[in-house]
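1. what follows is a predicted structure for the sequence shown.
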Amino acid sequence: MNWSKKLLAAASLAVMATACSVAPSDQPAASEKTTGIDTASDWGKFVDTFLTGYFPRNPDFAVYQGRHEFDGKLPDWSEKGLADQIAFLEKTLADAQGMDPASLAGDHRFERDYLIAVVRGKLFWLKQADWPHRNPAFYTGTLDPSVYVTRPYADVDTRAKAFIAYARGVPKAAEQIRANLKTPLDPYAIDYGVNAFGGYATFFTSDARAAFADVSDDAIRADLEAATAEASKAMQGLADWLKAEKATAKVGYALGSELFSQMLVATEMVDLPISELKAIGEADLKRNQDALATACAQFAPGATMADCMAKLSLDKPQDGPVAEARRQLPELRAFLVDKDLVSIPGTEEAKVEESPPYNRQNSAYIDIPGPYEKGLPSVYYISPPDPSWAPEVQAEYIPPKKDLLFTSVHEVWPGHFLNFLHANRAKSFFGRLFVGYAYAEGWAHYTEEMMWEAGLGKGDPEVHIGQLANALLRNCRYLSAIGLHTGGMTVEQSLTMFREQCYIDEGNARQQALRGTYDPGYLNYTLGKLMIRKLRADWTAGKGGRDAWKAFHDAFLSYGGPPVPMVRAAMMEEKSAKAVF
């Protein structure tokens, strides 16, 4: 996946367009008391007013961007708080739509449309989808405290005090969450909530305390123990309540065709019939399956697809995936430079570390500081196998080198990390803050195939299989999202599709099928990738084809992260934004 831990935990939902961007070492962070917006124009004043209202209502978002005056605070999830959030967004939307576009400069017109798109997406999850009342995943990303635990923005005592303030707010948040979730709930949503909230309960009394072991002040240590005990109790109580609700659960994860279509329009500006979207996904699945068959015929002649993938898994890094990824990143960066594929602004490098014990629900992800931070590293985390697993299961979990190679492409060079190197230098400060799901994941997934096409691996079929394994996983996510939410697909049918059509192992296939129930937006990897591929073909057609790839990539990345159809309209000089595949 996995552009940020926050995005991982929340899956889609209201935070999906807000996770992170890079703070370059050569640009100073904005003052904590300002938004960083140039208020010389009326539009600048409008954006400044929006952010000034948005940050206090979404303090978790503000903290992740580096606004540490909001440390320790959580949103107000009471009915009054949710109503206030909706009213604020609706007024912002109405005011922005009421502006005369002709009165705005060209860049400001684009940014107005960008802001409208972001606000519409947030309102969809709050109102139409009603996620606060039906999906525990709405809350889990916002509850995530890793900014205090793993990001060295201040000394350990300062971060511990912020974490304590946050932990003291967890019991109230748990009460609000329990009051909001309307029963009977979907059983898969319940299972997700039990695991997530129960995981937080364990985290507070174990890993959280261990993370602040270097705190020397006895008073802070005592406060930490007391606050984490109460937070753990509250989260466990929430998990226990959900578990008890399983007896009366009623399957209801599907958005339905109408709401699913509204989601795509509101969050990604994609307005196509579901039947057409499904056909697009099936065609791309077939394209990748055919490519895999060709590559396997070279790599493992006569073998089944399953045996071919099993052969790929034999070549694992002897010293572990962290060491292997550390070797891969310099080579990937050098490849980008050698092939002149895209500009690399700044001198930042991503660190590679083993993921912390409390955050190993995904095999790999990158954490990228926000634009208000200064001089902090981005960290590409890779999760080790659980030591409690059987030895053969641990060995199977470690990714083969060629599979890991394209995870490193996706997360770092030239995927998420490079995306945000550019986003943080976007002319629009708004574009530095709000980077959307299909834009971010579409770009990262697009780069995997683009790197193979550019010559990564020098035609080695084993490398191609590594790329295709990642592509097929995203193909099945795309079709699973459509099937689960519009086509009556069951979780077991989704699991079978991942196993038989995309050659995913049993454990990962089940995880992916379950994710589709609470993250209907996980089709955005392939959705975004296909729109970007089509835009590249159309934009470069009259500009030299392959020779124009670098210019295309630089132009695409300059916008920050709006819906891809908006970028298409701007780059192709089209009058209106539309999705083209």
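-> That came in fine, so what should we check first? Predicted, not measured: the structure shown is a model, and the values here were computed from it. Residues are numbered from 1 along each chain as shown.
2. how is this protein carved up into domains?
-> For the chain, the structural domains run 5-11+40-254, 262-572, going by automatic domain parsing.
3. tell me the average confidence for stretch 543-556?
-> On average, the pLDDT along stretch 543-556 is 97.
4. dump the domains of the chain into TSV; add mean neighbour count and distance to residue 581 as well.
-> For every residue, glycine as well, the C-beta is placed using N, CA and C. TSV is the format used below for the domains of the chain (neighbours: other Cβ atoms under 10 Å; distance: least, Cβ to Cβ, whole Å):
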stretch	mean neighbour count	distance to residue 581
domain 5-11+40-254	18	19
domain 262-572	20	5
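5. and stretch 256-276, average pLDDT?
-> Here the average pLDDT along stretch 256-276 is 98.
6. what is the end-to-end distance of that stretch?
-> For stretch 256-276, the first-to-last residue distance is 16 Å (Cα to Cα, to the nearest Å).
7. do stretch 409-417 as well
-> In stretch 409-417, first residue to last residue: 9 Å (Cα to Cα).
8. same question, stretch 264-275
-> Using Cα to Cα, the span of stretch 264-275 from its first residue to its last is 14 Å.
9. gap between the closest residue to residue 439 other than its chain neighbours and residue 417?
-> Spatially, and ignoring its direct neighbours in sequence, residue 439 is nearest to residue 561 (4.3 Å; Cβ to Cβ, 6 or more residues apart in numbering). Per Cβ to Cβ, to the nearest Å, residue 561 is found 14 Å from residue 417.
10. could you do residue 526 as well?
-> Distance, residue 526 to residue 417, using Cβ to Cβ: 21 Å.
11. repeat for residue 284
-> Residue 284 is 25 Å from residue 417, by Cβ to Cβ.
12. hmm, back to that, show me what contacts the residue nearest to residue 439?
-> Listed by Cβ atoms under 8 Å, 6 or more residues apart in numbering, the contact set of residue 561 reads 17, 419, 423, 431, 434-436, 439-440.
13. one more: residue 329?
-> 349-350, 352, 380, 408, 412-413.
14. and the domains of the chain as a markdown table, adding distance to residue 578?
-> A markdown table is the format used below for the domains of the chain (distance: least, Cβ to Cβ, whole Å):
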| stretch | distance to residue 578 |
| --- | --- |
| domain 5-11+40-254 | 13 |
| domain 262-572 | 5 |
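15. out of those domains, which is closest to residue 579?
-> Ranking these by distance to residue 579, with Cβ to Cβ as the measure, places domain 262-572 first at 4.2 Å.
16. off-centre distance for that closest one?
-> Taking Cα atoms, centre = their mean, to the nearest Å, the mean C-alpha location of domain 262-572 is offset from the chain mean by 11 Å.
17. span of that domain from start to end?
-> Its start and end residues considered, domain 262-572 measures 25 Å (Cα to Cα).
18. helix, strand or coil for residue 184?
-> Under DSSP: H, G, I helix; E, B strand; the rest coil, residue 184 falls in the coil class.
19. quick check, it in contact with residue 246.
-> No. Residue 184 is not in contact with residue 246 according to Cβ atoms under 8 Å; the separation is 9.7 Å.
20. picking up where we left off before, ok, which pair from the contacts of residue 329 is furthest apart?
-> Within the contacts of residue 329, 349 and 408 form the most distant pair, 12.8 Å apart (Cβ to Cβ).
21. how far away is residue 480 from residue 67?
-> 37 Å.
22. whoops, I mixed them up, residue 570
-> For residue 570, the distance to residue 67 (Cβ to Cβ) stands at 29 Å.
23. try residue 276
-> 42 Å.
24. rewinding a little: and which of the contacts of residue 329 is nearest residue 78?
-> Each of the contacts of residue 329 was checked against residue 78 using Cβ to Cβ; the closest is residue 380, at 37.5 Å.
25. what does the closest one show for phi and psi?
-> Main-chain dihedrals, residue 380, degrees, to the nearest 10: phi -90, psi 110.
26. phi first, then psi, for residue 354.
-> According to degrees, to the nearest 10, residue 354 has phi -70, psi 130.
27. for the stretch 301-450 of the chain, what spans make up the strands?
-> Along the stretch 301-450 of the chain, counting by DSSP state E, counting those that start in this stretch, strands occupy 351-354, 364-367, 379-382.
28. of those, which is nearest residue 36?
-> Nearest of those (Cβ to Cβ): strand 364-367, 21.3 Å.
29. counting by contacts, list what the closest one packs against.
-> In this structure, strand 364-367 packs against helix 5-10, strand 379-382, helix 401-411, with contacts taken as 3 or more Cβ pairs under 8 Å, 6 or more residues apart in numbering; DSSP states H and E.
30. can you pull out the helices in the stretch 451-581 of the chain?
-> Chain-ordered helices for the stretch 451-581 of the chain, with DSSP state H, counting those that start in this stretch as the definition, fall at 461-486, 491-502, 506-518, 524-540, 549-557, 564-572.
31. CSV for these, including distance to residue 37?
-> Formatted as CSV, the helices of the stretch 451-581 of the chain follow (distance: least, Cβ to Cβ, whole Å):
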stretch, distance to residue 37
helix 461-486, 35
helix 491-502, 43
helix 506-518, 34
helix 524-540, 27
helix 549-557, 21
helix 564-572, 20
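32. correct me if wrong: residue 477 contacts residue 527.
-> No. Look at residue 477 against residue 527 with Cβ under 8 Å: they stay out of range, at 9.8 Å.
33. related to what we said a few turns ago, least reliable of the helices and strands packed on strand 364-367 going by mean pLDDT?
-> In terms of mean pLDDT, the lowest-scoring of these is helix 5-10 (a mean of 34).
34. so after that one, what's the next helix or strand?
-> For helix 5-10, the following helix or strand on the C-terminal side (DSSP states H and E) is helix 42-57.
35. same for that next one, what does it pack against?
-> helix 59-65, helix 79-97, helix 106-123, helix 429-433.
36. got the contact list for that helix?
-> Here helix 42-57 makes contact (Cβ under 8 Å, 6+ apart) with 35, 37-39, 61-62, 67, 70, 75-76, 81, 84-85, 88, 92, 95-96, 99, 104-105, 108, 111-112, 115, 429-430, 433.
37. on that earlier part again, and the residue nearest to residue 439, how far is that from residue 528?
-> 10 Å.
38. again with residue 211
-> 34 Å.
39. now do residue 303
-> Applying Cβ to Cβ, the value for residue 303 to residue 528 is 33 Å.
40. check residue 580 too.
-> 13 Å.
41. what do you get for residue 457?
-> Here residue 457 is placed at a distance of 23 Å from residue 528 (Cβ to Cβ).
42. same check, this time on residue 379
-> Plainly put, residue 379 is 24 Å away from residue 528 if you go by Cβ to Cβ.
43. list the helices and strands the one helix or strand residue 209 maps to packs on?
-> Using DSSP H and E, residue 209 falls within helix 207-211. Under the contact criterion of 3+ Cβ pairs under 8 Å, 6+ apart, helix 207-211 touches helix 146-150, helix 218-245.
44. can you say which of the ones you listed is nearest to residue 552?
-> Judging those by Cβ to Cβ, what sits closest to residue 552 is helix 146-150, at 34.1 Å.
45. and the contacts of the closest one?
-> By Cβ under 8 Å, 6+ apart, the surrounding residues in contact with helix 146-150 are 5, 63-64, 71, 153, 159-160, 162-163, 166, 207-208, 211-212, 356, 358-359, 367, 379.
46. try stretch 261-277
-> Residues from elsewhere that reach stretch 261-277, judged by Cβ under 8 Å, 6+ apart: 16-17, 117, 120-121, 123-124, 128-129, 255, 257, 260, 436-438, 482, 486, 520-521, 524, 527-528, 563-566, 577-579.
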